[in-house]
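1. Could you look at this predicted model? Sequence included:
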Amino acid sequence: MSDQARRTVVVTQRFFDDETVGYLNSHRCEVRLAELPPGEADGELTEGALVQMLADADGWIVGHARVTRQLLGRLPRLQVIARRGVGHERIDTGAVAELGKVATIAVGGNDACVADHALALMLALSHRLRESQMQMNAGSWAILTGADLYRKTVGIVGLGRIGRGVVQRLRGFEARILAVTGSPDEAWSRQMGVAHVELDELLASSDIVSLHAPLTRATRMLIDAAALARMKPTAILVNTARGGLVDDAALLDALQAGRLAGAGLDVFQSESDPSCMGVTNALIALPNVVATPHSGASTREGLVRTNRIAAQCVVAVLESGAPPPGCLLADGRQRAATT
């Protein structure tokens with residue numbers, strides 16, 4: 001096999017396992033792992049830095065970098081952009097298709113770990129784990145009264161793969177489950193005991209509201225000051241989906257005013273809007289907020305799964321095949337073939 005027959009795949013994500021590197025190597029792909037500055041992710045790389053890394057790349061396994069029309073125009077050799085994850089609001093899919101390239105997502109790789117993470121946040125907040133440890137660190141062993149997750153009413157906003165995984169886990173707690181979703185599967189919902197309601201009813205009735213919707217024009221700022229005002233003052237908000245679903249400033253105000261009992265946050269507005277960083281810092285300082293740095297999908301097992309799916313997508317495209325089911329995001333190959 002000649003070197004000319006081999007393709008270059010650049011990975012701009014941390015935690016890329018040796019087995020997946022071996023899989024790519026076995027399919028004539030040379031893998032180059034980007035050297036990221038300590039503590040930084042690829043979303044913080046400049047366009048110039050990305051062009052330098054990707055100039056000779058045939059495939060790109062990407063995390064949170066912005067995939068813009070301008071960037072793609074500077075990378076004529078690049079054929080496939082494989083997102084290691086499922087969120088794709090930072091990828092200009094129209095530009096991908098128009099420029100004759102392919103974009104994919106890693107469907108199914110991190111569903112289980114994000115669903116687990118959502119449950120972990122629910123339990124941590126209900127049992128006031130952060131508050132208790134903060135008191136103990138300060139020398140007080142006074143017992144704080146928490147709340148059960150058992151038989152509580154939990155509202156699920158978005159019943160995709162992760163939302164359904166949360167529902168399955170909540171059945172073990174005998175929770176009453178309400179849901180808002182764009183296209184309900186009535187048969188599945190009956191089997192799982194899910195009641196479909198309007199958002200206002202879900203907010204007013206739920207002890208916990210857990211967000212699992214994609215970020216679109218319709219869902220941006222879905223949970224704003226008015227929505228938060230509809231929730232019980234004893235309720236908890238959990239967001240493991242996207243930061244733009246929630247008005248973080250309104251959430252901070254509700255928590256500080258005692259109009260909401262707590263929040264579990266894995267995502268923040270400041271991830272896409274640095275001007276919101278002050279609000280993020282104020283949120284994570286609150287004792288009734290359990291926060292993580294968009295790490296819900298970052299289990300060892302979940303990363304291996306998403307690495308492998310992203311790699312399978314890259315190989316499929318480079319070998320002129322079809323990516324795994326549900327993974328194709330944008331496909332400009334036919335357009336490229338006719339130009």
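-> Okay, I see it. Numbers count the residues shown, from 1 in each chain.
2. Can you tell me what sits against stretch 304-323?
-> 7, 9, 15-17, 19-20, 23-24, 27, 29, 58-59, 61, 79-80, 82-85, 102, 104, 106-110, 297, 324, 327-328, 333 (C-beta atoms under 8 Å, 6 or more residues apart in numbering). The C-beta positions use only the backbone N, C-alpha and C, and glycine is treated the same way.
3. In strands, which of those residues fall?
-> Arg7, Val9, Cys29, Gly59, Ile61, Val80, Ala82, Arg83, Val102, Thr104, Leu328 (DSSP state E).
4. Tell me the bridge partners for the nearest residue to the third one once chain neighbours are set aside.
-> It stands for Cys29. Closest residue to Cys29 apart from its sequence neighbours, by C-beta to C-beta, 6 or more residues apart in numbering: Val9 at 4.7 Å. Beta-bridge partners for Val9, by DSSP bridges, are Val31, Gly59.
5. Next up, the contacts around Val9.
-> Val9 makes contacts with Leu24, Cys29, Glu30, Val31, Arg32, Ala57, Asp58, Gly59, Trp60, Ile61, Ala311, Val314, as judged by C-beta under 8 Å, 6+ apart.
6. that older thread, next, format the ones in strands among the contacts of stretch 304-323 as TSV and append pLDDT.
-> Output for the ones in strands among the contacts of stretch 304-323, formatted as TSV (pLDDT from 0 to 100):
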residue	pLDDT
Arg7	96
Val9	98
Cys29	97
Gly59	98
Ile61	98
Val80	98
Ala82	98
Arg83	97
Val102	98
Thr104	98
Leu328	97
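7. mind giving me the domain split of the protein?
-> Split into domains by automatic domain parsing, the chain comes to 3-109+299-337, 111-291.
8. For these, which has the smallest mean pLDDT value?
-> Looking at the domains of the chain, the lowest mean pLDDT belongs to domain 3-109+299-337 (a mean of 94).
9. can I get the CA coordinates of the longest helix seen in the chain in PDB?
-> Looking across the chain with DSSP state H, the single longest helix is helix 300-318. C-alpha atoms of helix 300-318 as PDB (Å, rounded to 0.1, in the frame of the first residue of the first chain):
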ATOM      1  CA  ARG A 300     -14.500   6.700  29.200                       C
ATOM      2  CA  GLU A 301     -17.000   4.400  27.600                       C
ATOM      3  CA  GLY A 302     -19.000   7.200  26.000                       C
ATOM      4  CA  LEU A 303     -16.000   8.700  24.400                       C
ATOM      5  CA  VAL A 304     -14.800   5.400  23.000                       C
ATOM      6  CA  ARG A 305     -18.300   4.900  21.500                       C
ATOM      7  CA  THR A 306     -18.400   8.400  19.900                       C
ATOM      8  CA  ASN A 307     -14.800   8.100  18.700                       C
ATOM      9  CA  ARG A 308     -15.600   4.900  16.900                       C
ATOM     10  CA  ILE A 309     -18.800   6.200  15.300                       C
ATOM     11  CA  ALA A 310     -17.100   9.400  14.100                       C
ATOM     12  CA  ALA A 311     -14.300   7.300  12.700                       C
ATOM     13  CA  GLN A 312     -16.800   5.000  11.000                       C
ATOM     14  CA  CYS A 313     -18.400   8.000   9.400                       C
ATOM     15  CA  VAL A 314     -15.100   9.300   8.100                       C
ATOM     16  CA  VAL A 315     -14.100   5.900   6.600                       C
ATOM     17  CA  ALA A 316     -17.500   5.500   5.000                       C
ATOM     18  CA  VAL A 317     -17.300   8.900   3.300                       C
ATOM     19  CA  LEU A 318     -13.700   8.500   2.200                       C
END
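10. ok, and what's touching the host helix or strand of Ala187?
-> Assessed by DSSP states H and E, Ala187 sits inside helix 186-192. With contacts defined as C-beta under 8 Å, 6+ apart, helix 186-192 is touched by Leu159, Arg164, Val167, Gln168, Arg171, Ile177, Ala179, Val194, Ala195, His196.
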